[in-house]
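# sequence isn't available, so here's the structure alone:
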Ligand code: GLV
Ligand code: MN
Ligand code: MN
């Protein structure tokens, strides 16, 4: 069944690229990127396009209780646990064309390529678009794949509020027509593979095309609320102010220095800030901001988080402010399945592609799936390692290579009928 060059069924790199570019038109930003935030009307449009493509490829589509879209390609033994792949079609507000969309559309291209080659697999295949991987709008990301993997309760996922506290995941799923009836997870799966751009500089720098991903670092996120008191910008003397914004600025600077002083260094980010009342001539009375901190060593991560919280409290006390620090998500570092990692290495070798082992700095739905089934990831290079940025770019040739590896590892697992 194996064609020349170690290829089981050739993926069509042009078709994959065209699909990526067509998807990127939905939510296209002026700077050449994509803003397709989860459960918005743009997300609905992206989902509709994906569902149409799945149906054209003969996949049976179902939507589960968390809005995950599952395209299933029947196997000769359709009762066997499926081999699953997928990623996310939602993006950052100023994101790129490839983060997430690549993994979903690479999965679709696997199905299309198998159709072209007339191959039926022994076990079924499933291609999934996970709901809200990015966690831009709702209180936490990667929750829908977490429910699927049994990490979170369905009720927690469905009732997850948005940051402004005006709606919930379930309400927005219903609004965009993706509040599905299928159970979220709860069935055995054979393995999960996710293809993704690296989002870092290693593969490009080292001239490797494929990254066999060993695991991902731990991550904790916090919502911090700093409360002072509003006042008149012209009349309230500087020495009498309880300025929540000034307190926040001090906290952010201190947090940044805390990270820089740790060895080995974590990554720590404040990317979300909301000021009340956000008016030029009112002293800010309340600020809400986020902390996202990640480290490969779970004990060090826990220690840094304790110090971060203590630091926010010390700054608040010094400035006469109140502060609340609430953990919004926490995930330990994870190691992917040795068999899945090796399958990626073997497939890359068979295809004559340069491959190296690599760690993921980013979080992925695969990190949740790793709790429930053997899981692995395939990275391909992206230009200058840039991601979460409109300038994110990847080469069609590398994307096709990663997709071919995805096909090979899925087939190796599912078997050919
Ligand atoms: C996902 O994009 C993450 O935050 O790692
Ligand atoms: Mn991603
Ligand atoms: Mn992302």
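All right, it came through fine. This is a predicted model, so every value here is computed, not measured. Ligands and ions are numbered 1, 2, ... in the order given.

# switch to C-alpha atoms for all contacts and neighbour counts from now on
Noted.

# looks like residue 87 contacts residue 100 (just checking).
Yes - taking contacts as Cα atoms under 8 Å, residue 87 lies within contact range of residue 100: 5.2 Å.

# not counting the strand or helix carrying residue 367 itself, show me its contacts.
Here residue 367, judged by DSSP states H and E, is contained in helix 365-369. Under the criterion Cα atoms under 8 Å, 6 or more residues apart in numbering, residues 87, 130, 133, 142, 145-146, 148-149, 151, 192-194, 215-216, 334, 336, 375-377 lie in contact with helix 365-369.

# state the mean pLDDT of it.
Here helix 365-369 scores 98 as its mean pLDDT.

# that's a strand at residue 219, yeah?
Yes - counting by DSSP: H, G, I helix; E, B strand; the rest coil, residue 219 falls inside a strand.

# count of neighbours near it?
Residue 219: 24 surrounding residues under other Cα atoms under 10 Å.

# is the helix holding residue 367 in proximity to ligand 1?
No - using Cα under 6 Å from any ligand atom, helix 365-369 never reaches ligand 1; the gap is at least 8.9 Å.

# all further residue positions should be reported with the first residue as 31.
New numbering, starting at 31: the last item is helix 395-399.

# what residues does the stretch 81-230 of the chain put near ligand 2?
Residues of the stretch 81-230 of the chain that fall close to ligand 2, judged by Cα under 5 Å from the ion: 129, 130.

# now do the helices in the stretch 81-230 of the chain.
Assigned by DSSP state H, counting those that start in this stretch, the stretch 81-230 of the chain shows helices spanning 131-147, 173-178, 184-188, 199-205.

# hmm, back to that, the more surrounded of residue 117 and residue 130?
Relative neighbour count places residue 117 above the other of residue 117 and residue 130, with 29 against 26, counting by other Cα under 10 Å.

# how close does the more buried one get to ligand 1?
For residue 117, the distance to ligand 1 (Cα to the nearest ligand atom, to the nearest Å) stands at 11 Å.

# what about the helix holding residue 397, distance to the chain center?
Helix 395-399 sits 9 Å away from the centroid of its parent chain (Cα atoms, centre = their mean, to the nearest Å).

# same question for stretch 115-134.
That offset, for stretch 115-134, works out to 7 Å (Cα atoms, centre = their mean).

# end-to-end on it?
8 Å (Cα to Cα, to the nearest Å).

# stretch 221-234 now?
28 Å.

# buried residues, that stretch. List them.
221-230, 232-234 (16 or more other Cα atoms under 10 Å).

# picking up where we left off before, the helix or strand that comes right after the helix holding residue 397 near ligand 2 at all?
Per DSSP H and E, the first helix or strand lying C-terminal to helix 395-399 is strand 405-410. No - against ligand 2, strand 405-410 shows no contacts by Cα under 5 Å from the ion, the least distance being 11.0 Å.

# follow-up on the earlier one: any of the contacts of helix 395-399 buried? List them.
Members of the contacts of helix 395-399 classed as buried by 16+ other Cα under 10 Å are 117, 160, 163, 172, 175-176, 178-179, 222-224, 245-246, 364, 366, 405-407.

# how close does the most far-flung residue of the chain relative to its centre sit to residue 271?
For the chain, the residue at maximal distance from the C-alpha centroid (Cα atoms, centre = their mean) is residue 265, at 46.8 Å. Per Cα to Cα, residue 265 is found 10 Å from residue 271.

# again with residue 259
Remark: distance between residue 259 and residue 271 (Cα to Cα) = 8 Å.

# what's the neighbour count on the residue nearest to residue 59 when sequence neighbours are not counted?
In space, and not counting its chain neighbours, residue 59 is closest to residue 65: 6.3 Å by Cα to Cα, 6 or more residues apart in numbering. When neighbours are counted by other Cα under 10 Å, residue 65 registers 22.

# and the pLDDT at residue 65?
Per the predicted model, pLDDT is 98 at residue 65.

# you'd agree it is up against residue 121?
Yes - assessed by Cα under 8 Å, residue 65 is found in contact with residue 121 at 5.9 Å.

# and the stretch 31-180 of the chain, which of its residues are near ligand 1?
Residues of the stretch 31-180 of the chain found near ligand 1 (Cα under 6 Å from any ligand atom) are residue 164.

# any regions of the stretch 31-180 of the chain where pLDDT drops low?
31-35 (pLDDT under 70).

# ok, the residue nearest to residue 59 to residue 249 distance?
Distance from residue 65 to residue 249, by Cα to Cα: 24 Å.

# again, but for residue 207
Counting by Cα to Cα, the gap from residue 207 to residue 249 is 32 Å.

# of all of the stretch 31-180 of the chain, which residue lies closest to ligand 1?
residue 164 (5.2 Å; Cα to the nearest ligand atom).

# can you tell me the closest non-neighbouring residue to that residue?
Take residue 164 and drop its neighbours on the chain: the residue closest to it by Cα to Cα, 6+ apart is residue 171, 5.1 Å away.

# go on, residue 40?
In space, residue 40 is closest to residue 143, 6.3 Å off (Cα to Cα, 6+ apart).

# test my guess that the one you found contacts residue 37.
No - using Cα under 8 Å, residue 143 makes no contact with residue 37, being 11.3 Å away.

# who has more neighbours out of those two?
Comparing residue 143 with residue 37 by other Cα under 10 Å, the one with more neighbours is residue 143, at 21 against 17.

# how far does the helix or strand where residue 283 lies sit from the chain's center?
Assigned by DSSP H and E, residue 283 belongs to helix 274-291. Centre-to-centre, helix 274-291 and its host chain are 26 Å apart (Cα atoms, centre = their mean).

# who touches both of residue 117 and residue 130?
Common neighbours of residue 117 and residue 130 (Cα under 8 Å, 6+ apart) are residue 226.

# how about residue 312, phi and psi?
phi -120, psi 130 (degrees, to the nearest 10).

# beta partners of it?
Assessed by DSSP bridges, residue 312 has beta-bridge partners residue 262.

# returning to that earlier point: quick one: contacts of the helix holding residue 283?
Here helix 274-291 makes contact (Cα under 8 Å, 6+ apart) with 256-259, 295-300, 305, 314-317, 334, 338, 341-342, 345-346, 349, 351.

# how many neighbouring residues does the residue in the stretch 331-447 of the chain positioned nearest to ligand 2 have?
Residue nearest to ligand 2 within the stretch 331-447 of the chain: residue 394 (5.9 Å; Cα to the ion). Using other Cα under 10 Å, residue 394 has 21 other residues around it.
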